[in-house]
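Chemist: what shape does this take:
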Amino acid sequence: MADLVVVGLGPAGRALTHRAHAAGLAVVAVDPAPDRAWTPTYAMWADELPAWLDRRVVAADVAGPRVVAVREHVVDREYVVLDNAIFRAALDTGSARVVTGRALHLDGSAVTLGDGTVLRARHLVDARGLRAGGGAAEQTAYGIVVPAAAAGPALGDAPALFMDWRRDNGTTTDDPPSFLYAVPVGNGRVLLEETCLVGRPALPVSALRERLLTRLSHRGVDVPADAEVEKVRFPVEAPRPGGDALAFGSRGALMHPGTGYSVAASLGAVDDLVGALVAGDDPGKALWPRPARTVRALREVGLRALLALPAPLVPEFFDDFFALPPQLQRAYLSQRIEPRATASAMWTLFRHASMPVRRTLVGAALPRHR
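Modeler: Okay, the predicted model is just below:
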């Protein structure tokens, strides 16, 4: 019997397979299309790259990306965009057994595939990601990849725009907001993407396309007819940890519900999970110690605040956030098992926020009645 079955070979599942195999575990991995190329844009803060991952996975790096809210801010943190092909290859599955198939049923130690095959192991981890729909809050986006020279008017003098909330996208302050995300992706190319951070429901991708084209037209960007397109729609909420199979990655609630980022958290948590499997400890407890569960609860408060913020207050909220000291920004965005640091970031923002923003934050923190 294998030590571990991993269901799903996206970044989280492949990272788990890679690290578990490197630790000497007998691993079986299953995916409907295990050799498919990865097409989404994966990015993270440079300090989130684990030491075991080859730095050559970085396609582009930016020191001091900008945020434009009420004011302009320089984020004192290096941001990196990954090369998907190199990243995927770096997460080598080694001699792990890779099975092509679709999982139909999972329990604690077995997965049944569509053709009736049953794969058993001492441990089973579900890393299939999350499907859009079902009423969960979602993030949506529409982007194009253009030559850096063509993207210049959109960026101005910024090396990258992590968030640009300016309303030159054809909307008014009363419309649901979206922002421009503009980052280099390597090989002299730049992704220009109109993003709805979170919504229940989120803005349609078609509406974001119109907003992006309007914004780029206002800034004098000539969009090539053959520009590569990226369309994004995914849930930012996952079921609470528990159930018949341990979940990992975005399916396992490692996605930050206020940002939509999950790959860095998955890479950062994978060795805790593998270490527990090797030692014979409870992998669920290793992945979700009490501090991590507390941070998750605090982040859920943050998500409720984002969903409840009136549209005119959204730029003000992010103006307050990116005025925080860098260590508090980092704590809220990246630190998964340090609740005091997360709470400190949230409290500091609250103290500096205007009364209308404060009222929304208080409402988000109040107990919910079902």
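
Chemist: name the element R359 belongs to?
Modeler: In the assignment (DSSP states H and E), R359 maps to helix 355-365.

Chemist: model confidence over that helix, on average?
Modeler: Throughout helix 355-365, pLDDT has a mean value of 96.

Chemist: send the alpha carbons of it over as PDB?
Modeler: Extracted in PDB, the C-alpha atoms of helix 355-365 (Å, rounded to 0.1, in the frame of the first residue of the first chain):
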ATOM      1  CA  MET A 355     -15.600  56.700  10.800                       C
ATOM      2  CA  PRO A 356     -17.500  55.300   7.700                       C
ATOM      3  CA  VAL A 357     -14.900  52.700   7.100                       C
ATOM      4  CA  ARG A 358     -14.800  51.900  10.800                       C
ATOM      5  CA  ARG A 359     -18.500  51.200  10.900                       C
ATOM      6  CA  THR A 360     -18.100  48.700   8.100                       C
ATOM      7  CA  LEU A 361     -15.300  47.000   9.900                       C
ATOM      8  CA  VAL A 362     -17.200  46.700  13.100                       C
ATOM      9  CA  GLY A 363     -20.200  45.200  11.300                       C
ATOM     10  CA  ALA A 364     -18.000  42.600   9.700                       C
ATOM     11  CA  ALA A 365     -16.500  41.600  13.100                       C
END
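
Chemist: run through who's touching it.
Modeler: Contact with helix 355-365 is made by 301-302, 304-305, 308-310, 313, 316-317, 320, 346, 349-350, 353, as judged by Cβ atoms under 8 Å, 6 or more residues apart in numbering. (Each C-beta comes from the backbone N, C-alpha and C, glycine too.)

Chemist: which of those residues are buried?
Modeler: Buried subset of those (neighbour count, 16 or more other Cβ atoms under 10 Å): 301-302, 304-305, 309, 313, 316-317, 320, 346, 349, 353.

Chemist: tell me which residues in stretch 113-121 are buried?
Modeler: Using 16+ other Cβ under 10 Å as the test for burial, stretch 113-121 gives 113, 119, 121.

Chemist: now the helices for the chain?
Modeler: Applying DSSP state H to the chain gives helices spanning 11-22, 84-90, 148-155, 205-218, 263-279, 283-287, 290-308, 314-321, 326-334, 339-352, 355-365.

Chemist: would CSV of those helices with distance to G101 be doable?
Modeler: Shown next, in CSV, are the helices of the chain (distance: least, Cβ to Cβ, whole Å):
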stretch, distance to G101
helix 11-22, 14
helix 84-90, 20
helix 148-155, 41
helix 205-218, 30
helix 263-279, 22
helix 283-287, 23
helix 290-308, 31
helix 314-321, 43
helix 326-334, 35
helix 339-352, 39
helix 355-365, 42
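
Chemist: any idea which of those helices is most buried?
Modeler: Among the helices of the chain, the stretch with the highest mean neighbour count (mean count of other Cβ atoms under 10 Å) is helix 11-22, at a mean of 26.

Chemist: contacting residues around that one?
Modeler: Defining contact as Cβ under 8 Å, 6+ apart, one finds that helix 11-22 is touched by 3-4, 6-7, 9, 27, 29, 31, 38, 42, 52, 87-88, 91-96, 125, 127-129, 248-252, 254, 262-263, 266-267, 270-271, 273-274, 277.

Chemist: let's see which of these end up in strands.
Modeler: Those of those mapping onto strands are 3-4, 6-7, 27, 29, 31, 125, per DSSP state E.

Chemist: please tell me which one of those counts the most neighbours.
Modeler: V6 (32 neighbours; other Cβ atoms under 10 Å).

Chemist: ok, and the closest non-adjacent residue to that residue?
Modeler: Distances taken as Cβ to Cβ, 6 or more residues apart in numbering place A29 nearest to V6, at 4.5 Å, with adjacent residues excluded.

Chemist: would you mind measuring from the one you found to V99?
Modeler: To V99, A29 is 7 Å away according to Cβ to Cβ, to the nearest Å.

Chemist: then D320?
Modeler: Distance from D320 to V99, by Cβ to Cβ: 49 Å.

Chemist: how about D35?
Modeler: The gap separating D35 from V99 is 12 Å, by Cβ to Cβ.

Chemist: who has more neighbours, those two?
Modeler: V99 (17 against 9).

Chemist: what is the more buried one paired to in the beta sheet?
Modeler: V30 (DSSP bridges).

Chemist: please tell me I have it right and A2 contacts V28.
Modeler: Yes: using Cβ atoms under 8 Å, A2 is in contact with V28, at 4.7 Å.

Chemist: distance check, R167 against P177.
Modeler: Distance of R167 to P177, computed by Cβ to Cβ: 8 Å.

Chemist: looking at these two, which is more packed in?
Modeler: Neighbour count, other Cβ under 10 Å: between R167 and P177, P177 has more, with 24 against 14.

Chemist: which residues does the residue lying closest to the more buried one once chain neighbours are set aside contact?
Modeler: Nearest non-adjacent residue to P177, counting by Cβ to Cβ, 6+ apart: V314, 4.6 Å away. Residues in contact with V314, defined by Cβ under 8 Å, 6+ apart, are 165, 177, 306.

Chemist: measure V314 to A353 for me?
Modeler: Counting by Cβ to Cβ, the gap from V314 to A353 is 12 Å.

Chemist: also A253?
Modeler: Taking Cβ to Cβ, one finds A253 at 27 Å from A353.

Chemist: where does pLDDT dip in the stretch 1-150 of the chain?
Modeler: Residues of the stretch 1-150 of the chain meeting the criterion pLDDT under 70: none.
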